[in-house]
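Q: what's the 3D shape of this:
(chains A and B)
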Number of protein chains: 2
Amino acid sequence: GGCWVDHFGFDVNLTFKQRYLVANQYWKKENGVILFYTGNEGDITWFCKNTGFMWDVAEELKAMLVFAEHRYYGESLPFGNLSFTDSKHLNYLTSEQALADFAILIESLKKNIPGARNSPVIAIGGSYGGMLAAWFRMKYPHIVIGALAASAPIWQFMDLVPCGNSWKAIDRLTSTGEGVQWISEAFHLCNPLRSQTDIIVLKSWLAETWVNLAMVDYPYSSDFLMPLPAWPIKEVCKYLTDPNESDKVLIQNLSQAVNIYYNYSGEANCLNTSQTATSNLGIQGWSYQACTEMVMPICTTGISDMFEPQEWDFAAYSDQCFLEWGVRPRPLWIPTVFGGKNISSHSNIIFSNGALDPWYAGGVNENITDNLVSIVIPDGAHHLDLRARNIDDPQSVLFARAKEVEYMKKWIEQFNGLWKKY
Amino acid sequence: GGCWVDHFGFDVNLTFKQRYLVANQYWKKENGVILFYTGNEGDITWFCKNTGFMWDVAEELKAMLVFAEHRYYGESLPFGNLSFTDSKHLNYLTSEQALADFAILIESLKKNIPGARNSPVIAIGGSYGGMLAAWFRMKYPHIVIGALAASAPIWQFMDLVPCGNSWKAIDRLTSTGEGVQWISEAFHLCNPLRSQTDIIVLKSWLAETWVNLAMVDYPYSSDFLMPLPAWPIKEVCKYLTDPNESDKVLIQNLSQAVNIYYNYSGEANCLNTSQTATSNLGIQGWSYQACTEMVMPICTTGISDMFEPQEWDFAAYSDQCFLEWGVRPRPLWIPTVFGGKNISSHSNIIFSNGALDPWYAGGVNENITDNLVSIVIPDGAHHLDLRARNIDDPQSVLFARAKEVEYMKKWIEQFNGLWKKY
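A: Presented below is the predicted three-dimensional model:
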């Protein structure tokens, strides 16, 4: 078998192999369910390991677990090593193609696994995978009876979000050649700063670091984006208490703070500003997606937040995309195709969001209808609810998971009720 | 402005001009509606003229009328005269691309027409246009509040429909050279039969003629596919009363019957077996669509119907498509993407079907839910309900149209109710 490289055109009549993982030890054919993880921008085995929630509920829901890899990530490369060579080969990396892959995979599993034909299927995903889970239910409600979209910022798109300092110390220090060299050493950079562009890269690497750190501010030590202690933000902030220190002391403190994130294991000899998270995430693929469909503007004020003030400059962004990938973004397409804020006619989607998560503001944080519900986890970072049970889990996430299971059971009952009528 | 040639990929960054017609003399900004015709496989001005229903209800519904042309038909050619040259240029002719065109057109009209921003929109279409109207509501419920899908055989696809004789006279006569020549003359063919292939073409042309004739079996004289008298089937059948005549008399009668369809106006000097309907329909485009997504198997038994017995031979069909267009059909894709028979989670779609219409069996002819309803018109042919009011309209079509308007008013009320909450 295999998936069509292009579901939406017939000129390229090629197929590729999509990777997926199946666990059926808890599955009961009679009244079980298929929990289907809609893979996001990375290696599916890594998502499988970091989505303990599905394993924790498998027995109770008599569930088969399926983890499907997203095209162009992990081993699911439509053109093998050539997949990222140019915009022609990258042309089939879109969320719509990925959803069609999922639809066809589920149809084929139901056809080929004895007893699965009439099993209900629930989509589950976190982050971009959570957006995919929600969109999958919206576009293919005949294939999945519901979706759990954890930390899915489906509203972090143009026209949907309002536009919203060690930074100054870096500016002052990097105004002299000596200062630039000093900073390179203070941060233990693998590649010393050489140009103005390198300094911009350093600053965006730092900004991304703070965002990532906030995403994984979990209540116990974990290894998701990086190996980290429990509540890592607290650890980091220990080094960032006094903004009135001298520039050099500020930067030295900052360097120690950054090391909590990048070198908690103590194994790194130097820090690489081109990487901000686990190599299980496909940064190439995501960079392309951010330059086409997944245009998620973030602007910062420097006043209500800790980031350098920055306006959203779409023209510059588009030019940068064209330079890098030979494509130009279409920032309004995602709201057009997936409904933007106007999604009330859909049903059976749970949007869960952690209030500690930097992506929180782009998520759905109020019930839209009785069937399109929000669960807010005050002590939760990025999709904490999808992680495995842990002794240090706060009450709020235990409550969220219980609610999620309750909704899923309701959907399964509804489905079985309808089914029996025929 | 313009439409993206490819909504689902970013490598081809071209746009084209889509044609659309707007009539706003009846439109009231305050509480009106936009009725949006989802154009099908032909010139949009012809659909505009043949969808009198929309004009007839415009005043009552205070409606703006929009007729949008389907890409690759009429004047909406993505690559101008080159649009049909090869499978590369044809690659963007799909129903999904057409739906995305409609979505973006509506967004742009609502942005650019003063007072239209918050107007509700209802999709209306007949035949393939009716499928598009239904699918548009299913996939873009945030853009249209409901759809009227007239004579839309959305279930005439593989795995969804069960497989289901002047023919013999033609076989006997064409077994001799003299007989072949005689038949060419009897039918006044523009191009005399020369080969076995020509005879197959003749038979499929006749079969298509009967199907078309049944589609336009309207209660008054009309000019849709061809200029015809009222109830044309009755006229044709006058010539086909005695199946026990000699072969030559049978064929002469058949020829006169066929002339009712092809030459009721008396203006045709000869009949062309490569054309079965108005040139307003794009036969090239539809032939390509039938070879890719729109695979609608029709099989005939010769016993329960009047057609030559024929099994559905997918392999042969696929080979023929590859020969003609360089593409192979994917017959299961449409049910996968649009839900097949499992569409109950959608809402606000009316499926109307005429019981005289040969496409009736592929339509939705029972209510699925309170919001997904069927209207059967016992005396109706192919989307008679979409045609202009006529003195000879049977009661059943008047009743159907009244019901349709009632549903549309309900959707508009629902929408206005929701809207006022904000």
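
Q: helix or strand for the residue nearest to A:Ile170 when sequence neighbours are not counted, which one?
A: Leaving aside its chain neighbours, A:Ile170 sits nearest to A:Lys203 (6.4 Å; criterion: Cβ to Cβ, 6 or more residues apart in numbering or on different chains). For every residue, glycine as well, the C-beta is placed using N, CA and C. Taking DSSP states H and E as the criterion, A:Lys203 maps to helix A:196-215.

Q: how many residues are close by the residue nearest to A:Ile170?
A: Neighbour count for A:Lys203, taken as other Cβ atoms under 10 Å in any protein chain shown: 18.

Q: go ahead and confirm it touches A:Lys168.
A: No. The pair A:Lys203 / A:Lys168 is not scored as a contact, 11.1 Å apart, by Cβ atoms under 8 Å.

Q: any idea which element A:Leu398 lies in?
A: With DSSP H and E as criterion, A:Leu398 is part of helix A:395-420.

Q: in that helix, which residues are buried?
A: Neighbour counts over helix A:395-420 (16 or more other Cβ atoms under 10 Å in any protein chain shown) mark A:Ser396, A:Val397, A:Ala400, A:Arg401, A:Glu404, A:Val405, A:Tyr407, A:Met408, A:Trp411, A:Ile412, A:Gln414, A:Phe415 as buried.

Q: returning to what we had before: residues touching the residue nearest to A:Ile170, list them.
A: By Cβ atoms under 8 Å, 6 or more residues apart in numbering or on different chains, the contact set of A:Lys203 is A:Trp167, A:Ile170, A:Glu308.

Q: so how far is A:Asp223 from it?
A: 27 Å (Cβ to Cβ, to the nearest Å).

Q: how about A:Tyr140?
A: Distance from A:Tyr140 to A:Asp223, by Cβ to Cβ: 33 Å.

Q: check A:Trp312 too.
A: 33 Å.

Q: can you count the residues close to whichever residue of the stretch 151-300 of chain A sits closest to chain B?
A: Closest to chain B within the stretch 151-300 of chain A is A:Thr292: 4.4 Å, counting by Cβ to the nearest Cβ. Other residues within reach of A:Thr292 by the criterion other Cβ under 10 Å amount to 25.

Q: isn't A:Leu132 right up against A:Ala98?
A: Yes. Using Cβ under 8 Å, A:Leu132 is in contact with A:Ala98, at 6.4 Å.

Q: any residues in contact with both of these two?
A: A:Thr38, A:His70.

Q: between those two, which has more neighbouring residues?
A: Taking neighbours as other Cβ under 10 Å, A:Leu132 and A:Ala98 compare with A:Ala98 leading, 31 against 27.

Q: can you give me the buried ones in the lowest-mean-pLDDT helix or strand in chain A?
A: One helix or strand of chain A scores below all others by mean pLDDT, DSSP states H and E: helix A:166-173, with a mean of 79. Across helix A:166-173, burial judged by 16+ other Cβ under 10 Å covers A:Ser166, A:Ala169, A:Ile170, A:Leu173.

Q: quick one on the thing from earlier: so which of the buried residues of helix A:395-420 is the closest to A:Asn353?
A: Distances from A:Asn353 to the buried residues of helix A:395-420, taken as Cβ to Cβ, are shortest for A:Ala400 (9.6 Å).

Q: can you pull out the strands in chain A?
A: Along chain A, the segments classed as strands by DSSP state E run A:3-4, A:15-16, A:20-23, A:33-38, A:63-68, A:121-126, A:146-150, A:222-223, A:227-228, A:349-354, A:372-377.

Q: any chance of the ones you listed in CSV, plus mean neighbour count?
A: Output for the strands of chain A, formatted as CSV (neighbours: other Cβ atoms under 10 Å in any protein chain shown):
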stretch, mean neighbour count
strand A:3-4, 22
strand A:15-16, 15
strand A:20-23, 16
strand A:33-38, 27
strand A:63-68, 25
strand A:121-126, 28
strand A:146-150, 30
strand A:222-223, 17
strand A:227-228, 20
strand A:349-354, 29
strand A:372-377, 20
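
Q: show me the domain layout of chain A.
A: A:3-157+A:331-420, A:169-313 (the TED database).

Q: quick one: end-to-end distance for the last one.
A: To tie it back to what came earlier, the one meant is domain A:169-313. 24 Å (Cα to Cα, to the nearest Å).

Q: ditto for stretch A:214-221
A: 14 Å.

Q: stretch A:3-21 too?
A: 16 Å.

Q: tally of neighbours for A:Asn118?
A: 10.

Q: got phi/psi on it?
A: phi -110, psi 20 (degrees, to the nearest 10).

Q: okay, it: pLDDT?
A: Listed pLDDT for A:Asn118 reads 92.

Q: gap between it and B:Asn342?
A: Taken as Cβ to Cβ, the span from A:Asn118 to B:Asn342 is 11 Å.

Q: go on, A:Tyr37?
A: Counting by Cβ to Cβ - A:Tyr37 and B:Asn342 are separated by 22 Å.

Q: tell me where chain A has helices.
A: A:44-49, A:52-58, A:95-112, A:128-139, A:166-173, A:177-186, A:196-215, A:232-237, A:247-262, A:283-290, A:314-325, A:333-338, A:395-420 (DSSP state H).

Q: could you dump those into JSON lines with distance to A:Ser83 added?
A: Putting the helices of chain A into JSON lines (distance: least, Cβ to Cβ, whole Å) gives the following:
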{"stretch": "helix A:44-49", "distance to A:Ser83": "16"}
{"stretch": "helix A:52-58", "distance to A:Ser83": "28"}
{"stretch": "helix A:95-112", "distance to A:Ser83": "13"}
{"stretch": "helix A:128-139", "distance to A:Ser83": "18"}
{"stretch": "helix A:166-173", "distance to A:Ser83": "36"}
{"stretch": "helix A:177-186", "distance to A:Ser83": "34"}
{"stretch": "helix A:196-215", "distance to A:Ser83": "24"}
{"stretch": "helix A:232-237", "distance to A:Ser83": "34"}
{"stretch": "helix A:247-262", "distance to A:Ser83": "28"}
{"stretch": "helix A:283-290", "distance to A:Ser83": "8"}
{"stretch": "helix A:314-325", "distance to A:Ser83": "13"}
{"stretch": "helix A:333-338", "distance to A:Ser83": "22"}
{"stretch": "helix A:395-420", "distance to A:Ser83": "35"}
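
Q: mean neighbour count, the ones you listed: which tops it?
A: Mean neighbour count (mean count of other Cβ atoms under 10 Å in any protein chain shown) peaks for helix A:128-139 among the helices of chain A, with a mean of 27.

Q: avg pLDDT for stretch A:24-41?
A: The model assigns stretch A:24-41 a mean pLDDT of 95.

Q: wait, does it contact chain B?
A: No. Stretch A:24-41 does not reach chain B (Cβ under 8 Å from any Cβ of the partner chain); its nearest approach is 15.3 Å.

Q: quick one: end-to-end distance for that stretch.
A: Stretch A:24-41: ends 25 Å apart by Cα to Cα.

Q: quick one: A:Val373 and A:Tyr407 touch, right?
A: Yes. Using Cβ under 8 Å, A:Val373 is in contact with A:Tyr407, at 7.0 Å.

Q: mind listing the shared neighbours of the two?
A: With Cβ under 8 Å, 6+ apart, A:Val373 and A:Tyr407 have common neighbours A:Ile350.

Q: for the spatially most central residue of chain A, list the residues it contacts.
A: With distances taken as Cα atoms, centre = their mean, A:Ser127 lies nearest the centre of chain A, 3.2 Å away. Contact analysis of A:Ser127 by Cβ under 8 Å, 6+ apart lists A:Asn40, A:Ala150, A:Ser151, A:Ala152, A:Pro153, A:Trp359, A:His382, A:His383.

Q: perfect, that will be all.
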